[in-house]
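Asks: Need coordinates for the below:
(chains A, B, C and D)
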Protein chains: 4
Amino acid sequence: MCGVIGVLGPPGSRAADLLYLGLYALQHRGEESCGMAVSDGGRVHLGKGMGLVPDVFNRERLAELPGPMGIGHVRYSTTGASYAVNAQPLLAYTSRGPVAVAHNGDLVNARELRVQLQRAGSVFQTTTDSEVILNLFARFGDDDPDTAAMRTMAAIRGGYAVVMLTRDRLLAFRDPYGIRPLCWGRAGDAFIIASESCALTALGVDEVHEVLPGELLSVDAGGVRRRRLPAAADDRAPCAFEYIYFSRPDSELLERNVHLVRKAIGRRLYEERPVEADVVIAAPDSGTSAAMGFAEAAGIPFEIGLVKNRYVGRTFIHPEEGMRHLAVKVKLNPNRQVLKGKRVVVLDDSIVRGTTSRRTVALVREAGAREVHMYVAAPPFLYPCYYGVDISSRKELIAAQRILEEIRDFIGADSLYYLSVEGLCQAVGVRPEGLCLACMTGVYPEPVPEEDVAHKHALEGIEHCG
Amino acid sequence: MCGVIGVLGPPGSRAADLLYLGLYALQHRGEESCGMAVSDGGRVHLGKGMGLVPDVFNRERLAELPGPMGIGHVRYSTTGASYAVNAQPLLAYTSRGPVAVAHNGDLVNARELRVQLQRAGSVFQTTTDSEVILNLFARFGDDDPDTAAMRTMAAIRGGYAVVMLTRDRLLAFRDPYGIRPLCWGRAGDAFIIASESCALTALGVDEVHEVLPGELLSVDAGGVRRRRLPAAADDRAPCAFEYIYFSRPDSELLERNVHLVRKAIGRRLYEERPVEADVVIAAPDSGTSAAMGFAEAAGIPFEIGLVKNRYVGRTFIHPEEGMRHLAVKVKLNPNRQVLKGKRVVVLDDSIVRGTTSRRTVALVREAGAREVHMYVAAPPFLYPCYYGVDISSRKELIAAQRILEEIRDFIGADSLYYLSVEGLCQAVGVRPEGLCLACMTGVYPEPVPEEDVAHKHALEGIEHCG
Amino acid sequence: MCGVIGVLGPPGSRAADLLYLGLYALQHRGEESCGMAVSDGGRVHLGKGMGLVPDVFNRERLAELPGPMGIGHVRYSTTGASYAVNAQPLLAYTSRGPVAVAHNGDLVNARELRVQLQRAGSVFQTTTDSEVILNLFARFGDDDPDTAAMRTMAAIRGGYAVVMLTRDRLLAFRDPYGIRPLCWGRAGDAFIIASESCALTALGVDEVHEVLPGELLSVDAGGVRRRRLPAAADDRAPCAFEYIYFSRPDSELLERNVHLVRKAIGRRLYEERPVEADVVIAAPDSGTSAAMGFAEAAGIPFEIGLVKNRYVGRTFIHPEEGMRHLAVKVKLNPNRQVLKGKRVVVLDDSIVRGTTSRRTVALVREAGAREVHMYVAAPPFLYPCYYGVDISSRKELIAAQRILEEIRDFIGADSLYYLSVEGLCQAVGVRPEGLCLACMTGVYPEPVPEEDVAHKHALEGIEHCG
Amino acid sequence: MCGVIGVLGPPGSRAADLLYLGLYALQHRGEESCGMAVSDGGRVHLGKGMGLVPDVFNRERLAELPGPMGIGHVRYSTTGASYAVNAQPLLAYTSRGPVAVAHNGDLVNARELRVQLQRAGSVFQTTTDSEVILNLFARFGDDDPDTAAMRTMAAIRGGYAVVMLTRDRLLAFRDPYGIRPLCWGRAGDAFIIASESCALTALGVDEVHEVLPGELLSVDAGGVRRRRLPAAADDRAPCAFEYIYFSRPDSELLERNVHLVRKAIGRRLYEERPVEADVVIAAPDSGTSAAMGFAEAAGIPFEIGLVKNRYVGRTFIHPEEGMRHLAVKVKLNPNRQVLKGKRVVVLDDSIVRGTTSRRTVALVREAGAREVHMYVAAPPFLYPCYYGVDISSRKELIAAQRILEEIRDFIGADSLYYLSVEGLCQAVGVRPEGLCLACMTGVYPEPVPEEDVAHKHALEGIEHCG
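Replies: Purely as a prediction, here's the structure:
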């Protein structure tokens, strides 16, 4: 998961200021690093660094990024390691001048392309897919930019949303299935494109459009040109996880509001498996909307049963062995008067390895709950994702390793219920083909070559063995 | 508003680790600075600084604070200026050895005491009330520590919760009305005292006790001694604002859970003034529990109508004039599908100057709401607070300057309703004498001398004119 | 060793800018911390921190210190421990308003005064002598400032140079023997007082005056008032170490230029003990002037035989055991072509424990020197200093523990010669009474009470045992 | 000017520790940024950043760089702009695995090569010559590393000293004229190669060898292979500026010690133009050795007449207009007792634009000097350098624009004398062909193509116009 944004404003405007605000609105998609590249028509200026938007950009640094067009990125490492060098956008000087690129997603054939490019003399300074895209684009240096971008799209496979910047042009394209989100709109004189609609509306866009599957947008002072890959799907099949977890509640995808979809999921969960209980609580924070829907459908009070400490972050120091149990409650404290003696429904967004759910159930029980019923706002994850979501390998996916009863037993709940795949589609309001459900069903948009199963850490691996 | 904590663990234990966790649990009470003083029996070690707990303390810095007993503080500046020098605890060397002190609250007679002490030769290096307390305690250097603390309590007037540390003793005391919160309990071998119960339960305390009005607790390896001021009130009358705004939802005060009191306030608001509407939303974050109660009582769906960007903090850069309107939505984005065409009830915790509510109403309207009904979870603020709450002076209190209809007009709502004082008491479940309601009723626990009306910035003022 | 400065400029001027420049010129007197306090007539503003002047002050921080008068300080810890809290100036609010103080030196009776003040109710937040001076001054709060300062001077004993600042007055005073340096002058409309004349001349002072022994200067917009302690010495007897090591070569003391005194010392060394040699080199950096004088007198070429790495500072990481010998040469590299096969005279400023000299001799020998003759620009240190110089205790002074031949043997030189006390006086051009030579002769300006022998770390000790 | 270093130690050793020490010894060659790349046999680890060695490397960061072989770099920006992205070494992943490179010097044909590479699809992420070298090397990916390096050397033109690192090999090569310095040696089991001999001797190398013109050293666990470009010069012709300014006094070049060469220059200056004077002083710091030689030859005392404040660095804040004159003396304070009424000889290393010399002369005069005679330890700069020295363009070179008398007049000296080219050669002890004197004589080692005259900022320019 990462977030991208592109901006083209009128002459004399400062894209960096809009990008700064837009990156704030996309920050939840990646907290590891962020950056932006801005063109003043002659020169492309780059600013990026490790950490959150306010860690990387202050007034002085923004001032050093003049120009009316630019692209931005927030990064959530999809690989184990996190290197400062992998912060995006990447900026390079090519035969057509400076080119910057930022992307969200995963290329299935990144490793293969990289080796081909290296054999042809290319050198790579990062382990990002963006650098592969950049080198491909540079190899098509004799083509006009749109053609070069289309040829790049034809060469890469996977789920992606890419923004690129040349001296005088903003390019953006989305994978042929519409897996990774990308939408655009206008706010006054400015053209804006971003991973999530919340960034568009925050910047004043009234009418939000989604980029089509396999579509390229090429924007400059003269207007927008749109082209599509011939092989692109007719309609989008966005990653189901955007609804369940990634996107902000005020974003829209397929014209559906994320909060309302989550609420519908909660309602659907109650309909699929009704329960007698005294209170409904959410596992903070991403279970909240689903819990609201469940409580409404069930007519059971919705309460704050677990309080998450919003100050606990990366720099939190975990105490020595003997006190480790304390750190748990400092992070997530049960609200005892709400839970004591009650039959409690807990809504959580998903279960990956099961350890978090286990800790949640234990906290609720310790606080005196009589019964704990765990409802999960996503179907079980049974298969790995090759399109940009960092779900653990199958060995770590508890749902791929154990049967339901074993999982319930492991997490210690009185009952456990996962949303059905049908229920998910119904809550979103689409047919199953309208979502990428590969991690739940094993049905991938295109065949995944055997050798690519290990591709996730392949680029990292190049450092070891390539 | 500030937060204090004190810890005494068994020999060989590390108070600093417990204080670190406890300060995390109290962080919402003050983000300006934090610190702790720890005694190893011989030496008192001090660590403090500007910023959040993780900004000030890392593993190395904690390691430099050995010893089984200590006190901690998070500071929320109650004065306009914020000086690094005012970070607490204060540590001083007195005739009885090192003494550290930290406090929450405001002393009504701080200025008077300070002038007296200066005339007697004392020098002050900060503008905190804590330094006044420290100097008083030092002046009683020939008394045993408990007596010195009791004499200090007898000299000061106001609302306060104080923790002190000597080489071998932890002292804690609360004002004679029980205005500022302070509670204690045991977790295993450790004695813990803190501003809020959420810090105690997070650290493993099962049974929480409140410190009595005018009570002194004196704790050392030998146990706990308790004494009370003769003039102390029989029962506590905690600041009503602890329920409305300050305390965390999982804290308890007068044995009442803060979240549940807020929910009861929401229910009461609906009962006092029913309304026809389509959705209930909260002004994030502190209106959430009241909105849940209101929605439940009214049978109207509770929705996420405004999404607060949790990354926007002190370092957020406000853009130039022309783009300022954009920053508003980056901070608080309306969820349009939830609001469009709807009659919306907005629950907010309080109205001080009215400008925030006005902006909230405008956002909801812009998103397409048909009607906006603002409900306020607190009665109008009409009088200044002299006991530790930084409510603006009467001139800035919109409720003290305008009639209801004017305020409604100012904020732009279709209707506006404040909780009644009776409703507040009923929601908490106490008689009016059971709360400090001075800022709403003008009835102060004790007469406030005319000249003290200006005391709030008096210590600051000393720098100008003293 | 520390450095102090005070400035009073015309109305509307910015003392902070002058203090900033002046602290740069005094930086060699203390690199641990620095700070300044500036008065704008109403308020006294304080800025200080750990580290060098550029670490603590940037343009923004200077801008926050308005006003035409102020004092500044650079600190060189004279105690083992170094606490941020001990950075100076100290600023306190007293019955006469804000008072800031900074000092260079050591009070012989600091501990005794501190205990007396604590018994009378004073509290201490640092372990500095400055806080004792501040509290004394505050106790004389009914006197006019000059009288209070004179009474403070009468109460303290030792070697000191003190600058104080009230809202509208700059006070400066020097110990009754004139041990610690303090001089003043005018640059245009500004009155400037500082530890060393190099700070005055750098700020444009043409005519430098020394503060007399036991003299108080009290400066405000109306002019300068001068008073003296009745018991003050007729003439100054500055610390000999100011010539040998502390002061910058371009400073003057007793109207004698430090570089020229050092050169005279070098000449005198050759006269006292001529030698046959091929090259004269300095142990960098403080032996340079003496080496120049020696070479000139002897007619032997002066060469750069040892090159000190000027980038090696506090943050240099010493490598693991096996590579430690390498770090030595990274810090100080012998110039082999200069030394190989030569008879080398090495000029060093002083020998304290002997380990540094030993390392120097080893480096010169390794580089191929045939003979190494070590000349020391100071007589042997045999006695502790109670007046502000952090010479190790007698147990660590090699000259107090061993005879000359043993020392020569320990450092590995072919010959070793210390300057005679007479030679030192002659090089400076004064009678022995004209310098404080206590550390060399054991003759202290006043009797040192038996119990004070342990006073050096006494204030620190209060934390342990007081 | 920059500095490079390469290390290959025995298995199990830590190259990073040696590189750290070596970079300290080379720090004077570049203070803008530094870095190192270390190979553990499988992976190449990179650490670099803006600032001095201690700013970039602490114990933790060094620990993250395991492995027995590596290269390091200190950067002195030869272009106006300084970008973090240009910090070296550069690390890239090529068809033969990771390759790191660092270099000192300037490629005359960098722009031409870059355009060729871009046309063939290469992308550039920096504006360094190192990236050109890296891409060339990668293009020869089918050759063995030595051949690829030789082909790279054959393709580039200019003055350079390059170190490269693959997983298991250290490569180093020097331009065919031996303009930029590079030397090597062994310290115990470790092979070390560096820009200056002072880094070798500091790390324990006894016997220092210079890399031959056009020579390639290829080092791995199996030993050292040496090859040379067929067209390489028989003997080295090092940049004369290494003697005059760049190199540390304890370095050797052409087996001649830099300090002793500078002293010979001083002597030669007196012989070429004797003068009657009272004192000889150096313009700190680089005129010191020459001043020593001049004083010795003339029999005039050598004195410290100007004291440079060693704390004044990049972060020094220049005061507002009215006080700017003060900053001058804070940086460089004249020693008045040394200068007053005297006939002063000032030795400076070189004159570029003349403004520094003018300020120096003014300071000496203000301090009361009767006469000021400026001697310059280098012949006049009349031509631009294309081989790595950042001499200003001819328009800024005062010697290329004015006659001697005008320059003397401009700087305000009573007399002005430049070293002759013959004198320089004689002081070094070589024939004119033994030094690169292009900036003084206009005789370049090879014809400089017309279009390359503008090459200096060409790479930067690509951002504007490429």
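
Asks: quick one: contacts for the closest residue to residue A:190 other than its chain neighbours?
Replies: Distances taken as Cβ to Cβ, 6 or more residues apart in numbering or on different chains put residue A:9 closest to residue A:190, at 4.3 Å, once the chain neighbours are dropped. From N, CA and C alone the C-beta is placed, and that goes for glycine too. Shown in contact with residue A:9 (Cβ atoms under 8 Å, 6 or more residues apart in numbering or on different chains): A:15, A:18, A:68-69, A:189-191.

Asks: residues touching the residue of the stretch 351-466 of chain A found nearest chain B, list them.
Replies: The stretch 351-466 of chain A approaches chain B most closely through residue A:367 (8.8 Å), counting by Cβ to the nearest Cβ. Contact analysis of residue A:367 by Cβ under 8 Å, 6+ apart lists A:305, A:334-336, A:339-340.

Asks: if we can go back for a sec, please pick the buried ones from the contacts of residue A:9.
Replies: Neighbour counting by 16 or more other Cβ atoms under 10 Å in any protein chain shown classes A:15, A:18, A:68-69, A:190-191 among the contacts of residue A:9 as buried.

Asks: Please name the residues that touch residue A:98.
Replies: A:39, A:43-44, A:91-92, A:166-167, D:463.

Asks: Please convert the residues you listed to a markdown table, extending it with neighbour count and distance to residue D:294.
Replies: Output for these, formatted as a markdown table (neighbours: other Cβ atoms under 10 Å in any protein chain shown; distance: Cβ to Cβ, whole Å):
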| residue | neighbour count | distance to residue D:294 |
| --- | --- | --- |
| A:39 | 26 | 56 |
| A:43 | 16 | 49 |
| A:44 | 26 | 52 |
| A:91 | 24 | 51 |
| A:92 | 23 | 53 |
| A:166 | 20 | 59 |
| A:167 | 20 | 56 |
| D:463 | 18 | 46 |
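
Asks: Find the nearest non-adjacent residue to residue A:114, please.
Replies: residue A:132 (5.5 Å).

Asks: quick one: the one you found and residue A:115 touch, right?
Replies: No - using Cβ atoms under 8 Å, residue A:132 is not in contact with residue A:115; the gap is 10.3 Å.

Asks: Neighbour count: the two, which is higher?
Replies: residue A:132 (27 against 14; other Cβ atoms under 10 Å in any protein chain shown).

Asks: Now do the same for the more buried one: helix, strand or coil?
Replies: Residue A:132 carries the three-state label helix when classified by DSSP: H, G, I helix; E, B strand; the rest coil.

Asks: OK, contacts around it?
Replies: Residues counted as contacts of residue A:132 (Cβ under 8 Å, 6+ apart) are A:107, A:110, A:113-114, A:117, A:124, A:156.

Asks: From those residues, pick the one nearest chain C.
Replies: residue A:124 (31.8 Å).

Asks: ok, the closest one - contacts?
Replies: Residues near residue A:124 by Cβ under 8 Å, 6+ apart: A:114, A:117-118, A:131-132, A:135, A:462, D:92-94.

Asks: Okay, it and residue A:134: tell me how far apart.
Replies: Computed as Cβ to Cβ, to the nearest Å, the residue A:124 to residue A:134 distance reads 10 Å.

Asks: and what of residue A:289?
Replies: Taken as Cβ to Cβ, the span from residue A:289 to residue A:134 is 38 Å.

Asks: again with residue A:225
Replies: Taking Cβ to Cβ as the measure, residue A:225 and residue A:134 are separated by 21 Å.

Asks: Specify which residue of these two has the higher count of neighbours.
Replies: residue A:134 (27 against 13).

Asks: from memory residue A:350 sits against residue A:240, does it?
Replies: No - contact status for residue A:350 versus residue A:240: not in contact, 10.4 Å apart, counting by Cβ under 8 Å.

Asks: the more surrounded of these two?
Replies: Between residue A:350 and residue A:240, residue A:240 has the larger neighbour count (other Cβ under 10 Å), namely 27 against 22.

Asks: for chain A, where's the lowest mean pLDDT among helices and strands?
Replies: When each helix and strand of chain A is scored by mean pLDDT, DSSP states H and E, helix A:458-465 comes last, with a mean of 35.

Asks: how many other residues sit next to residue A:371?
Replies: 17.

Asks: Surely it and residue A:414 touch.
Replies: Yes - Residue A:371 is within contact range of residue A:414, at 4.7 Å (criterion: Cβ under 8 Å).

Asks: Quickly list what's touching both of these two.
Replies: Contacts common to residue A:371 and residue A:414, judged by Cβ under 8 Å, 6+ apart, are absent.

Asks: Output the set of residues of the stretch 251-400 of chain A in proximity to chain C.
Replies: Residues of the stretch 251-400 of chain A found near chain C (Cβ under 8 Å from any Cβ of the partner chain): none.

Asks: now the residue lying closest to residue A:11 once chain neighbours are set aside: how far from residue A:8?
Replies: Using Cβ to Cβ, 6+ apart and skipping the chain neighbours, the partner closest in space to residue A:11 is residue A:68 (5.9 Å). Distance of residue A:68 to residue A:8, computed by Cβ to Cβ: 7 Å.

Asks: Can you check which residues contact both of those two?
Replies: Contact criterion Cβ under 8 Å, 6+ apart; residues shared by residue A:68 and residue A:8: residue A:15.

Asks: Surely residue A:413 is in contact with residue A:375?
Replies: No - judged on Cβ under 8 Å, residue A:413 makes no contact with residue A:375 at a distance of 9.5 Å.

Asks: between the two, which one's more packed in?
Replies: residue A:375 (27 against 23).

Asks: With just CA atoms, put whatever helix or strand the more buried one lives in into PDB.
Replies: Using DSSP states H and E, residue A:375 sits in strand A:371-376. What follows is strand A:371-376, C-alpha atoms only, in PDB (Å, rounded to 0.1, in the frame of the first residue of the first chain):
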ATOM      1  CA  GLU A 371     -19.100 -13.800  26.500                       C
ATOM      2  CA  VAL A 372     -16.900 -12.600  23.500                       C
ATOM      3  CA  HIS A 373     -18.200 -13.000  20.000                       C
ATOM      4  CA  MET A 374     -15.700 -12.000  17.300                       C
ATOM      5  CA  TYR A 375     -17.100 -10.900  13.900                       C
ATOM      6  CA  VAL A 376     -14.600 -10.200  11.100                       C
END
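
Asks: average model confidence for the helix or strand encompassing residue A:101?
Replies: Under the criterion of DSSP H and E, residue A:101 resides in strand A:97-107. Mean pLDDT, computed over strand A:97-107, is 96.
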